[in-house]
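>>> got a structure for you, letters missing:
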């Protein structure tokens, strides 16, 4: 057993862990930072679906190494931490015993599969979507000569996997338990737009439907039976039914956990023991608006958490700005980008929040004769009293990816629709909507009119 | 002479006038709103350059009619207001005498040409870029069989005209008085990136150079002599040397004017007489940051002003949110988008502001193997004390058009780099930079490090 010492031990080298390491080195340059990660090369998590089509085409196009960290003077050890002794401030690996002053859990998440289906996971042809290089490589190889695939789960990863399989010429069935896809991120009228694109891509989308059984023969999947009795023949099933916090190590160390299984943390990502931090998918999250605990898992939120922890390890360097995740997402379905931030109208109603909605569809270029112009749909959700913006949904061209970040900042900074009505934006024919018809402004104006019960646009 | 009555008379149907009319109708639905505009069909101002290439190809593709306004119950009269009697609350046209309760000047701007060159304006082949349909139609026709063109002026319109002419196969010379193009919007290192693209498009760019003389023969341009003695043969010259407020009517009515010739207005776009408003390019503007009067002319700012005036005609309906223009621009040069908001570093230094800069170049997609990935350069300028963000410049793909609006909202809402460091953004392989390397966040972090004189990334 080799002994090693460090000041800060970070377990995990995904977005949260690596950003935390870099930030820690910037803020506390004299400290020895050690990252332990299981894989030398890691995948960009949200680009995994693109490995399964021509977009990336192979695992190699989606690999990130630990080289940048080393350039900054951060040490890396490839391997697995078996246990941690919080009292003794020591972590144990097969060949190392590492003593630390501060510890950061950044152990990420792994696929969640409903217990009723977990027995099928060992079957040939049944997959989940873990952030595991050899697994994905093997899955890609298996995929190559398969004619059909059933994807279960209609969250972002499920939709993206289904679309990439369809693009590479497979017969795809997409099964979701909710009536509409991307539940929680989009209201049903927006989800319906996405479902139309999915069906137009020849995907057999079956919503509001559960899986009864994965049918096997000789240890390999041969089909699926849905709860309504529908039978589907297939040699490949992908279970994209969500992720759960990876907390085996933290459980052994008897840490405290949040409602959905993440390691309990305060606003500065500190556990009850202020020498121990947790960041990313393995940590507990709160919802920015409802203040309730949240199941949202996002690389961008993880990165933000890594920055917060990295600058708070030895005393708080910067006041924590945000409180909880605003659940800000984007994806591409067909030639449209779908993006969402904050709370949906349906979620707001369920939380009994008194909100008003404004939605407007214009063009993402102006005049509409500009080549490449696409429809741009913007929906805002605001508090009736005061008009504070608490949610937004955008369907448009690629610009929607950054436009939703604009809505995100409005939410984080507590902007009201009254401010948004006269917000100053750059508009340009080849890049944006018209200044006179900027959909965010129009949606805000519609809410103001609705609140004042005046003339509604 | 026919008599007409209205509650609100708006003179001008450009972005400011038409948005003002719509907003007025929404806020004060019982009022009779009349817009007087000179042309039945008007062009989208910032798309005029695209008429001169395949992008739009003709004036018809860039026309907006007054039909939408009519749909909302707004009356329109095509013609010219000859004079206004403020005391009698009456406007005079050739065939109409219009009495009003509230008046809004929205008379826009027209090309500015240096007095030394204004004598050449009557020459065949010498043009400016006015928002005038018959003029642009005639100019396009003249352009058709010309092999070469000299564009004078390196603001947004000059650059866009030069690039569109080059794209349509002409030999283009671009002459600018400043050492670098797009002065005021970009610092020199960013302008240099744009100049490289312009030169790569075979444009002969000559910076830091004035026009000595436009050479003519028989009333037609045949060349140009620059101040350094350079002679250029050409049958076409476009003077894109800025715009000036169109205030003939306001001058006759003896209104008060601001430093750069715009009609003096307060924060609610009211003149000293609270029944008389002015919006858009004909009105005075203040700079959001320096608080000095500003020459910036932008359709998006005009639209925002139209909204403010339109909701303040009969008492202030909404508290004015912004104070002055943040000068937020974007354009496309070659396959790159260039965007700017707030103050540049050079301008800040000239104003003696104590600022710190952070700049980072990453990729606009992640991983970089994603098809279509381009470099994305983000520069932020912040106050050293407190870290408030006061400027930003972005060079990237099309996403830069909305990303600069994100910076704009940060500036308007007084966001600091400490908040920006952990701002929550949606990141997606096909739409944005990586969550771990989001350039806005990195630039903010670099500023924080520089301020704390810690370890600099």
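Right, received. Where do you want to start? What you see is a predicted model, and the numbers here were worked out from it, not measured in a lab.

>>> residue ranges of the helices in chain A, please?
A:15-27, A:67-71, A:115-118, A:133-143, A:156-167, A:188-200, A:248-252, A:299-310, A:345-350, A:400-412, A:417-420, A:439-451 (DSSP state H).

>>> Generate TSV for those helices, with distance to residue B:287 as supplementary columns.
(Each C-beta comes from the backbone N, C-alpha and C, glycine too.) Shown next, in TSV, are the helices of chain A (distance: least, CB to CB, whole Å):
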stretch	distance to residue B:287
helix A:15-27	34
helix A:67-71	40
helix A:115-118	61
helix A:133-143	52
helix A:156-167	42
helix A:188-200	39
helix A:248-252	52
helix A:299-310	32
helix A:345-350	38
helix A:400-412	22
helix A:417-420	19
helix A:439-451	22
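
>>> OK, contacts around the residue lying closest to residue A:303 once chain neighbours are set aside?
Counting by CB to CB, 6 or more residues apart in numbering or on different chains, residue B:435 is the residue found nearest to residue A:303 once chain neighbours are left out, at 4.2 Å. By CB atoms under 8 Å, 6 or more residues apart in numbering or on different chains, the contact list for residue B:435 reads A:15, A:19, A:298-300, A:302-303, B:425, B:427.

>>> roughly how far apart are residue B:435 and residue B:427?
4 Å (CB to CB, to the nearest Å).

>>> ok, now residue A:351?
In terms of CB to CB, residue A:351 sits 27 Å off from residue B:427.

>>> My read is that residue A:219 contacts residue A:120, right?
No. With contact defined as CB atoms under 8 Å, residue A:219 and residue A:120 do not form a contacting pair (10.7 Å).

>>> ok, the two, which is more surrounded?
Set residue A:219 next to residue A:120 and count neighbours by other CB atoms under 10 Å in any protein chain shown: residue A:120 wins out with 19 against 9.

>>> Find the nearest non-adjacent residue to the more buried one, please.
Residue A:120 sits nearest to residue A:214 (CB to CB, 6+ apart), 4.0 Å away.

>>> Tell me, how many residues neighbour the one you found?
Residues near residue A:214, counting by other CB under 10 Å: 23.

>>> quick one on the thing from earlier: please identify which of residue A:351 and residue B:427 sits among more neighbours.
residue B:427 (26 against 13).

>>> ok, that one touching residue A:300?
Yes. In this structure, residue B:427 is within contact of residue A:300 by CB under 8 Å, at 4.5 Å.

>>> which residues are common contacts for the two?
Common neighbours of residue B:427 and residue A:300 (CB under 8 Å, 6+ apart) are B:435, B:438.

>>> Please parse chain A into its domains.
A:2-110+A:244-310, A:113-241, A:335-451 (automatic domain parsing).

>>> okay, and for chain A, where does confidence drop off?
A:322, A:454-457 (pLDDT under 70).

>>> Any idea which residue is closest to the centre of it?
In chain A, the C-alpha nearest the mean C-alpha coordinate belongs to residue A:298, at 3.0 Å (CA atoms, centre = their mean).

>>> about what we covered before: tell me who's in contact with the residue nearest to residue A:120.
A:117, A:120, A:123, A:126, A:221, A:223-224, A:237.

>>> Of those, just say which sits nearest to chain B.
Chain B lies nearest to residue A:237 out of the contacts of residue A:214, by CB to the nearest CB, at 24.3 Å.

>>> which parts of the stretch 51-200 of chain A sit against chain B?
A:55-56, A:61-64 (CB under 8 Å from any CB of the partner chain).

>>> Show me which of these is closest to residue A:450.
residue A:55 (41.1 Å; CB to CB).

>>> From what I see, the closest one and residue B:373 are in contact.
No. Taking contacts as CB under 8 Å, residue A:55 lies outside contact range of residue B:373: 11.2 Å.

>>> higher neighbour count, those two?
residue A:55 (23 against 17).

>>> OK, contacts around the more buried one?
Residue A:55 touches A:164, A:167, B:370-371, B:430, counting by CB under 8 Å, 6+ apart.

>>> Could you rerun that using 7 Å?
Taking CB atoms under 7 Å, 6 or more residues apart in numbering or on different chains as the criterion, residue A:55 is in contact with A:164, B:370-371.

>>> would JSON lines of these with distance to residue A:179 and neighbour count be doable?
JSON lines is the format used below for those (distance: CB to CB, whole Å; neighbours: other CB atoms under 10 Å in any protein chain shown):
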{"residue": "A:164", "distance to residue A:179": "24", "neighbour count": "21"}
{"residue": "B:370", "distance to residue A:179": "32", "neighbour count": "21"}
{"residue": "B:371", "distance to residue A:179": "34", "neighbour count": "10"}
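
>>> what's the closest of these to residue A:84?
Once CB to CB is applied, the member of those that ends up nearest residue A:84 is residue B:370, at 36.8 Å.

>>> need the contact list for the closest one.
Contacts of residue B:370 by CB under 7 Å, 6+ apart are A:50, A:55, B:429-430.

>>> which one of those sits closest to residue A:24?
residue B:429 (26.7 Å).

>>> Now do the contacts for the closest one.
Contacts of residue B:429 (CB under 7 Å, 6+ apart): A:44, A:46-47, A:50, B:365-366, B:370.
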